[in-house]
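**Student:** below: sequence and its predicted model.
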Amino acid sequence: MPAVRSARADQGEVAIRRRQLTNEIEFKERHIESVRNEMNAELEFLRAKKSRASNNLAGATWEQSISYEMSAVVSTYDMRISRLRDDVARLHAERDRLGQ
């Protein structure tokens, strides 16, 4: 019966790994949400800052610089989120390869 015991052990290890992968996926998805929230908070801060710009040339210049800063914030966070999504996709693929 050693073959049966070995097959059961293998199944147990696969089940454990699947649970680990599921936990990692859930963690990464929560992390993505957290990163999104961070980005939105930064953008909200910049929007508030932008709304205080004076209606003159100096204000327009300052407003434009804040717009560039907002674009940079979005770009940076988009890259972070993209890497996390790639990780999630990789984890899903690994879990799918393990089967049910």
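**Tutor:** Structure's in. What do you need? If you're wondering where the values come from, they're calculated on a predicted model, not measured in any experiment.
**Student:** return the list of helices and strands in contact with the helix or strand harbouring residue 61.
**Tutor:** Per DSSP states H and E: residue 61 is located in helix 57-98. Packing partners of helix 57-98 (3 or more C-beta pairs under 8 Å, 6 or more residues apart in numbering; DSSP states H and E): helix 2-51. For every residue, glycine as well, the C-beta is placed using N, CA and C.
**Student:** which strands or helices does the helix it packs on pack on?
**Tutor:** On a contact count with 3+ C-beta pairs under 8 Å, 6+ apart, helix 2-51 meets helix 57-98.
**Student:** got the angle between the helix it packs on and helix 2-51?
**Tutor:** 170 degrees (axes from the mean of the first three to the mean of the last three C-alpha atoms, to 10 degrees).
**Student:** number of residues surrounding residue 73?
**Tutor:** Number of residues near residue 73 (other C-beta atoms under 10 Å) recorded here: 17.
**Student:** ok, now which ones touch it?
**Tutor:** 39, 42-43, 46 (C-beta atoms under 8 Å, 6 or more residues apart in numbering).
**Student:** worst-scoring helix or strand of the protein, pLDDT-wise?
**Tutor:** helix 2-51 (a mean of 91; mean pLDDT, DSSP states H and E).
**Student:** gap between that helix and the chain center?
**Tutor:** Per C-alpha atoms, centre = their mean, to the nearest Å, the displacement of helix 2-51 from the mean C-alpha position of its chain is 9 Å.
**Student:** how close does the residue nearest to the spatial centre of the chain sit to residue 74?
**Tutor:** Nearest residue to the geometric centre of the chain (C-alpha atoms, centre = their mean): residue 32, 2.6 Å. According to C-beta to C-beta, to the nearest Å, residue 32 and residue 74 sit 15 Å apart.
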